[in-house]
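Visitor: Structure, please.
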Amino acid sequence: MSRTAPEAAGTRIPWEAVPAHVRGAVEAALGSPVVSAATQHGGFSPGAAARVVCADGRRAFVKACGPEINPDTPDLNRAEVTALGVMPASVPHARLLSAYDDGQWVCLVLEDVDGRRPRVPWTPADVTATSSTLERVAATRAPHELPPFADAMPALTVLESSDDAALPAEVRRRVPGLARHLATAREVTRGDRLVHWDARADNILVRAGQAVLLDWAWACRGAPWLDTLMLAADFRMQGGPDADQFLATSPLTRDIPGEQLASVIAVLACFWLERAGQPAPRGLPTIRAWQQHCGSACLEWLETGTRWA
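Guide: Model (predicted):
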């Protein structure tokens with residue numbers, strides 16, 4: 001299947017719009033004034049995301065957001081600071097150089113990874129590079145500071161926490177079956193492996209044939225196959241190899257019962273479709289269309305996928 005997801009990029013603020021005291025903290029951490037900053041577009045945050053160059057030639061990638069820009073992003077930044085602070089060096093990621101948190105604005109200063117995003121529709125070379133990285137992640141025991149998957153994912157309780165009347169019709173008419181899937185997912189997603197849980201094309205950079213995972217805000221402890229399943233879902237949403245065949249051949253998913261994989265696809269479908277019906281959050285005007293697209297793609301896959309037929 002080949003499909004192109006609508007863009008869900010936030011309306012990013014430029015480096016110059018970040019409060020002066022936050023910019024000053026970044027410069028102090030880097031040890032040199034910032035002389036240029038190039039905004040990086042894409043992703044789900046409306047905060048600043050800039051590749052900066054300092055007067056002494058040092059480079060870094062800076063993410064910063066305050067609650068007036070978006071009320072949720074600062075907490076996501078805090079979660080990523082926690083995750084990167086305990087990240088094993090063996091996992092390909094952008095190293096955290098420093099962090100700033102004044103209770104309102106939260107800023108991460110990261111290694112500037114010289115790479116490119118995977119091409120979409122996904123190409124075989126980028127699939128190979130990303131799959132290899134996900135196998136390394138799955139082989140890593142998660143630091144105890146990270147939460148269990150079930151505690152970190154509100155999607156697992158979306159049917160319980162939502163008013164039935166507010167659910168989209170395509171979810172409401174399938175509630176009994178979806179509820180069974182979600183109950184299964186709460187059990188089968190348990191584990192002690194490191195899980196990124198956002199392994200989509202816009203959270204990956206490929207350099208020298210290796211995929212580097214970015215944006216670790218959802219890092220948690222769980223089953224080793226979860227990120228590979230999320231990658232397959234991205235094939236369904238943005239185009240790429242046959243997702244069912246990929247799951248049937250990947251060493252992380254080929255021996256996992258189909259109903260277990262399907263239960264997590266149901267989680268994704270419910271979560272995205274429920275969110276798609278809500279008003280767009282501040283600074284993210286296109287995200288609901290993206291969530292509708294992804295939720296519908298997962299629901300279709302749930303009903304037609306050969307891996308769990």
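Visitor: mind checking which helix or strand residue 248 is in?
Guide: helix 243-249 (DSSP states H and E).
Visitor: List the buried residues of that helix.
Guide: Neighbour-count burial for helix 243-249 flags 243-244, 246-247 (criterion: 16 or more other C-beta atoms under 10 Å). Heads up, the C-betas are built off the backbone N, CA and C, glycines and all.
Visitor: Which stretches in this protein count as strands?
Guide: 34-39, 48-54, 59-65, 96-101, 106-110, 193-195, 204-207, 210-213, 220-222 (DSSP state E).
Visitor: Quick check, residue 124 in contact with residue 241.
Guide: Yes - with contact defined as C-beta atoms under 8 Å, residue 124 counts as touching residue 241 (7.2 Å).
Visitor: Which one's more surrounded, the two?
Guide: residue 241 (16 against 9; other C-beta atoms under 10 Å).
Visitor: which stretches of this protein aren't confidently modelled?
Guide: Residue ranges of the chain with pLDDT under 70: 1-4, 8-9.
Visitor: quick one on the thing from earlier: save the strands of the chain as a markdown table, and put in distance to residue 116 and mean neighbour count too.
Guide: Formatted as a markdown table, the strands of the chain follow (distance: least, C-beta to C-beta, whole Å; neighbours: other C-beta atoms under 10 Å):
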| stretch | distance to residue 116 | mean neighbour count |
| --- | --- | --- |
| strand 34-39 | 15 | 14 |
| strand 48-54 | 13 | 21 |
| strand 59-65 | 14 | 23 |
| strand 96-101 | 22 | 18 |
| strand 106-110 | 17 | 24 |
| strand 193-195 | 24 | 25 |
| strand 204-207 | 6 | 20 |
| strand 210-213 | 11 | 20 |
| strand 220-222 | 27 | 25 |
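Visitor: Tell me which of these lies nearest to residue 131.
Guide: Among the strands of the chain, strand 210-213 comes nearest to residue 131, with 8.3 Å by C-beta to C-beta.
Visitor: Which residues does the closest one contact?
Guide: Strand 210-213 has contacts (C-beta atoms under 8 Å, 6 or more residues apart in numbering) with 91-94, 113, 115, 118, 126, 129-130, 132-134, 137, 196, 199, 203-206.
Visitor: what's the answer for stretch 145-152, then?
Guide: Contacts for stretch 145-152 (C-beta under 8 Å, 6+ apart): 82-83, 85-86, 156, 186, 189-191, 194-195, 197, 218-223, 226.
Visitor: Would you mind writing the CA trace of it as PDB?
Guide: What follows is stretch 145-152, C-alpha atoms only, in PDB (Å, rounded to 0.1, in the frame of the first residue of the first chain):
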ATOM      1  CA  GLU A 145      14.000   5.400  35.500                       C
ATOM      2  CA  LEU A 146      11.700   5.000  32.500                       C
ATOM      3  CA  PRO A 147       8.000   4.200  33.100                       C
ATOM      4  CA  PRO A 148       6.400   0.900  32.000                       C
ATOM      5  CA  PHE A 149       4.600   1.100  28.600                       C
ATOM      6  CA  ALA A 150       1.200   0.800  30.200                       C
ATOM      7  CA  ASP A 151       1.800   3.800  32.500                       C
ATOM      8  CA  ALA A 152       3.300   6.000  29.800                       C
END
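Visitor: Just the buried residues of it, please?
Guide: 146-150, 152.
Visitor: Just name the closest of these to residue 67, please.
Guide: Nearest member of those to residue 67, counting by C-beta to C-beta, is residue 152, at 21.2 Å.
Visitor: related to what we said a few turns ago, packing partners for the helix holding residue 248?
Guide: Under the contact criterion of 3 or more C-beta pairs under 8 Å, 6 or more residues apart in numbering; DSSP states H and E, helix 243-249 touches helix 226-238.
Visitor: from the middle of its chain, how far away would the helix it packs on be?
Guide: Centroid separation for helix 226-238 versus its chain: 11 Å, with C-alpha atoms, centre = their mean, to the nearest Å.
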